[in-house]
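fold the following and give me the result.
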Amino acid sequence: MPPLVGNGAGDAEPIVFVVDEVDAGERLDRVLVAQGLEYSRSTLKRFIDQGRVQVDGVVLPAKARIAAGARVVVRPAPPPPSAALPEAIPLVIVYEDSDLLVVDKPAGLVVHPAPGHPAGTLVNAVLHHLGGFEGAVDPVRPGIVHRLDKDTSGVMVVAKTPTAHEVLVTRFAAREIERAYVGLCQGHPPAMTTFDTFIGRHPKDRKRFTSLVPRGKRAVTRVTVQERLHGAALIECRLETGRTHQIRVHLSDGGYPLLGDPVYGRKIRDPRVGEASVALGRQALHARLLGFAHPVTGEALRFEALPPPDFEAAVAALRDS
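Numbers count the residues shown, from 1 in each chain. As a prediction, the model looks like this:
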């Protein structure tokens, strides 16, 4: 077996967990998948083959059967170096100082370079605006402390310095950030709903997540109906956690998927709702509010961005006159 590798420059923080009785006797690769980690099955298998996984201090093959109570340490490999270059992509700047840049991200803009999107991202635009990052913590995602999905619009903060980045990452992890989204969902959910579930990879579709899992990462979304529309509802979603696709997953699994969601949406039978969804052409989700203490001065900051015209047009199309 290869020696355990990791802890090098750029490596992510180790993931540590103890195998419970439910997974006792399962293969190591399946035990990792069952944890709902944000890595694909093939990526986790590669970590095992690279010696990045230890079980009670020993590197084992993927097929090894793991006992209950075993302590597993996963040291994820760092992402490949970024080739991001500055690009003259327009930015809507909400706020800027020597430490922070707050932008209103348009729908359709990917946040950072990734397979399939090597350029034309928010990172490329910010690199052009700032002329680069000094001492970037993450060369793949310089300045990025949180993300919005490609087709979700709204307010985002970018850290301009390593200090600001470190503080904001810690505060996001500690749930010390105020975040509110507005969305358009199918149907009429209860006036107030709290989703408090685990979220993990979908067992049959690795590109999706689901809250219908027995274990994973805890996710809490509080949903309030703002206005009942024709066959839909205008809702506010407040996040207590920040899991991938969290709002989209909770609403879909709860029976009220977002209009226009190509991954988690469902067939729309009402023609009027269907027309509004098709005209929007994306998931009806907008990050309206972001609030946090300034990472250097401690000043309370709160930023809002109004929904874009395509979102407002969808609301108007479903509002009974």
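
what strands flank the strand ranked longest in the chain, and is each parallel or antiparallel?
Assignment by DSSP state E gives strand 217-229 as the longest strand of the chain. Using DSSP bridges, the strands paired with strand 217-229 are strand 192-201 (antiparallel), strand 232-239 (antiparallel).

count of residues packed around Ala77?
Ala77 is flanked by 17 other residues according to other C-beta atoms under 10 Å. Using the backbone N, CA and C atoms, a C-beta is placed for each residue, glycine as well.

next: Ala316.
The local packing of Ala316 (other C-beta under 10 Å) involves 11 other residues.

try the one 3 residues further on
Around Arg319 there are 13 other residues, counting by other C-beta under 10 Å.

once you drop chain neighbours, what's closest to it?
Closest residue to Arg319 in three dimensions, ignoring its sequence neighbours and counting by C-beta to C-beta, 6 or more residues apart in numbering: Leu229, at 5.7 Å.

can I assume that neighbour is in contact with Ala284?
No. Under the criterion of C-beta atoms under 8 Å, Leu229 lies out of contact with Ala284, with a separation of 11.0 Å.

more neighbours: which of the two?
With other C-beta under 10 Å as the criterion, Leu229 and Ala284 differ in neighbour count, and Ala284 comes out ahead with 30 against 22.

how about the contacts made by that one?
Gly183, Leu184, Cys185, Leu258, Leu259, Gly260, Asp261, Ser277, Phe311, Ala314 (C-beta atoms under 8 Å, 6 or more residues apart in numbering).

what's the spacing between it and Val126?
26 Å (C-beta to C-beta, to the nearest Å).

same deal with Ala293?
Taking C-beta to C-beta as the criterion, Ala293 is separated from Val126 by 22 Å.

what about these two, which has more around it?
The neighbour comparison of Ala293 against Val126 (other C-beta under 10 Å) goes to Val126, with 25 against 15.

now do the SS call for the residue nearest the centre of the chain.
By C-alpha atoms, centre = their mean, the chain has its centre lying nearest to Thr244, at 3.1 Å. Under DSSP: H, G, I helix; E, B strand; the rest coil, Thr244 falls in the coil class.

make sure it is actually in contact with Tyr39.
No. No contact is recorded between Thr244 and Tyr39 when judged using C-beta under 8 Å, the distance being 11.5 Å.

returning to what we had before: can you redo the contacts of Ala284 as CSV with distance to Ile93?
Supplementary listing: these in CSV, determined by distance: C-beta to C-beta, whole Å:
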residue, distance to Ile93
Gly183, 25
Leu184, 27
Cys185, 30
Leu258, 27
Leu259, 29
Gly260, 27
Asp261, 28
Ser277, 31
Phe311, 20
Ala314, 26
